[in-house]
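Novice: sharing a sequence plus its predicted fold:
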Amino acid sequence: MCEINQKHQKQNKEIFLSNLPIELSRYIYDYIPQLYCNQCYKKLINYNKCYIYYHIQIHKKLFCSYYCAIRYKYNKYIYFLQWNLIVIAFRISIIISYLIIIPYILLNLMFILIFRFINMIVLGTF
């Protein structure tokens, strides 16, 4: 039982397996790297081995409750939504810049052409 005296590191915390129940120490290397939050970790450590089966697994992550899983999915969705909003804002800024810059250039060209046309009429250089 050399694994009982070992320790495992998770989020800057050392977990001494000798402090855990023997049944739980067998599963600890499988479950701790997959836990999502500190609350999931605390619930795993404070309960016995039977409680492990109540953890919810989604995409190789373990959650202590449906609330924690929904919060994880919500955070992923918000992150995805923020990046989409940034891309949409960037595209809108490009469109607005085209709408401002192109008429400005065309307006300058029109003034230059009008000035040249008036210059040709006055000087009679057709």
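Specialist: That came in fine, so what should we check first?
Novice: rounded mean pLDDT for whichever strand or helix holds N84, please.
Specialist: Using DSSP states H and E, N84 falls within helix 66-123. Averaged across helix 66-123, the pLDDT comes to 89.
Novice: other SSEs contacting that helix?
Specialist: Helix 66-123 is packed against strand 56-58, strand 61-63, with contacts defined by 3 or more CB pairs under 8 Å, 6 or more residues apart in numbering; DSSP states H and E. Heads up, the C-betas are built off the backbone N, CA and C, glycines and all.
Novice: weakest of those strands by average pLDDT?
Specialist: Among the helices and strands packed on helix 66-123, strand 56-58 scores lowest, at a mean of 66.
Novice: M120: neighbour count?
Specialist: Burial of M120, expressed as a neighbour count using other CB atoms under 10 Å, amounts to 11.
Novice: quick one: L106 from Y98, how far?
Specialist: Computed as CB to CB, to the nearest Å, the L106 to Y98 distance reads 12 Å.
Novice: got it, and F80?
Specialist: Here the criterion is CB to CB. By it, F80 lies 28 Å from Y98.
Novice: so T125: helix, strand or coil?
Specialist: When classified by DSSP: H, G, I helix; E, B strand; the rest coil, T125 comes out as coil.
Novice: A69 versus that one, what's the distance?
Specialist: Distance of T125 to A69, computed by CB to CB: 80 Å.
Novice: compare those two (neighbour count), which wins?
Specialist: A direct count of neighbours by other CB under 10 Å for T125 and A69 places A69 higher, at 19 against 7.
Novice: surely the more buried one and F63 touch.
Specialist: Yes: under the criterion of CB atoms under 8 Å, A69 makes contact with F63 at 4.0 Å.
Novice: how about stretch 95-111 as CSV, C-alpha atoms only?
Specialist: What follows is stretch 95-111, C-alpha atoms only, in CSV (Å, rounded to 0.1, in the frame of the first residue of the first chain):
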residue,chain,number,x,y,z
ILE,A,95,-18.0,47.9,-42.9
ILE,A,96,-18.4,51.3,-41.1
SER,A,97,-14.8,52.3,-42.1
TYR,A,98,-15.5,51.4,-45.7
LEU,A,99,-18.7,53.5,-45.6
ILE,A,100,-16.8,56.5,-44.2
ILE,A,101,-13.5,56.2,-46.2
ILE,A,102,-14.8,55.4,-49.7
PRO,A,103,-17.2,58.4,-49.8
TYR,A,104,-14.5,60.6,-48.5
ILE,A,105,-12.1,59.5,-51.3
LEU,A,106,-14.9,59.9,-53.9
LEU,A,107,-15.8,63.3,-52.6
ASN,A,108,-12.1,64.5,-52.8
LEU,A,109,-11.9,63.1,-56.4
MET,A,110,-15.1,64.9,-57.3
PHE,A,111,-13.7,68.2,-56.0
